[in-house]
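*Asks:* Just need the structure, nothing else, for what follows:
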Amino acid sequence: MGFDPKALAEKIKPGVIDGDKRKYYRIARPGQWYGGIATADYVGCNLNCVFCWSNQPRDNPRQSGKFYSPADVFWNITHCAQQHHYKLLRISGNEPTLHKEHLIKVLERVEKSSYRFILETNGTLIDDNFAKDLQGYHSLRVRVSLKGTNGEEFERLTGANRDGFDRQIDALVNLVKYNVRCHPAVMLSFSPKANLENLKNRLKKIKPKLAEELEEEYVFLYPHVVKKLHQKGLKPLLAFSPNNIPKELV
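*Replies:* Got it, this is the predicted structure:
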């Protein structure tokens, strides 16, 4: 039996939230993903994914990062985007939905700009009310990163209760309900092909386009990730060196 992602979120929040401020460990970095994007990286996550590339900021949130206001975050990532001629912004690194009010204030600023925003989330906290609050942001696209293809894989990869996978699927249901642009991604390094097909069939029942736009994710073998996989006795079916990532995964 694993832990409850929602309960872990509540435990983490006091260490990463201060009023409308949220903790970040990198406030602006350029990146090749999505063809070029400016990113701010949060501290703290409500899952313990064995393949996660975030190390200290996830496992020791109280000892990591600094607090920034929504205005600070918006200024820094747009300044980074201007320097590198990007049109895309995102908040990533850990779990952005731990502080909804902070996130919404960032989105309000993006909405008044010429930029587009990608929200990368595990989805376990996007209930009906959260999805409704994301409604109407035309600059927003939500990428829900599924941790495996079913509850059993989810539990093995995240350490959380397997019903957390259903919360991820429910996030997509809620986002579709409120016409929030979204698509799923899925970690496939540990998944047999039959499990992937079952997942696609499940997504089709929500909205056929979700299965069509399903984004594939695979483990990147950073040294600390390799160590964690070894400790858990997990061997990926397919993984890539950080220095040899296929172009189609970028």
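
*Asks:* Do a quick rundown of the helices in this protein.
*Replies:* 5-16, 56-59, 70-84, 100-111, 128-133, 151-158, 164-177, 193-206, 208-212, 223-232 (DSSP state H).

*Asks:* Mean pLDDT lowest where, among those helices?
*Replies:* Among the helices of the chain, helix 56-59 carries the lowest mean pLDDT, at a mean of 72.

*Asks:* Where is the longest strand in the protein?
*Replies:* With secondary structure taken from DSSP state E, the chain has its longest strand at strand 21-31.

*Asks:* export stretch 120-136 as CSV, just CAs?
*Replies:* As requested, the backbone C-alpha atoms of stretch 120-136 are provided in CSV (Å, rounded to 0.1, in the frame of the first residue of the first chain):
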residue,chain,number,x,y,z
GLU,A,120,3.0,20.3,-17.0
THR,A,121,1.3,18.5,-14.2
ASN,A,122,0.7,15.0,-12.8
GLY,A,123,-3.0,15.9,-12.6
THR,A,124,-3.7,14.2,-9.3
LEU,A,125,-5.0,17.5,-7.8
ILE,A,126,-7.0,18.7,-10.8
ASP,A,127,-10.5,18.0,-9.5
ASP,A,128,-13.7,19.5,-11.0
ASN,A,129,-13.3,22.9,-9.3
PHE,A,130,-9.7,23.2,-10.3
ALA,A,131,-10.4,22.4,-13.9
LYS,A,132,-13.3,25.0,-13.9
ASP,A,133,-10.9,27.6,-12.6
LEU,A,134,-8.6,26.9,-15.6
GLN,A,135,-11.5,27.5,-18.0
GLY,A,136,-11.2,30.4,-20.4
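
*Asks:* Show me what that stretch is in contact with.
*Replies:* 5-6, 9, 45-47, 90-92, 95-98, 100, 104, 107, 119, 140, 142-147, 160, 164, 167-168, 170-172, 174-175, 177-180 (CB atoms under 8 Å, 6 or more residues apart in numbering). Every C-beta, even on glycine, is put in place using the N, C-alpha and C of the backbone.

*Asks:* Make a PyMOL selection of whichever of the residues you listed turn out to be buried.
*Replies:* Per 16 or more other CB atoms under 10 Å, the buried members of the contacts of stretch 120-136 correspond to this PyMOL selection:
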select buried, resi 5+6+9+45+46+47+90+91+92+95+96+97+98+107+119+140+142+143+144+145+146+147+160+164+167+168+170+171+172+174+175+180
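
*Asks:* now residue 246, nearest residue through space, not along the chain?
*Replies:* residue 240 (6.9 Å; CB to CB, 6 or more residues apart in numbering).

*Asks:* Show me what the one you found is bridged to.
*Replies:* residue 220 (DSSP bridges).

*Asks:* For it, list the residues it contacts.
*Replies:* Residues in contact with residue 240 (CB under 8 Å, 6+ apart) are 218-221, 246, 249.
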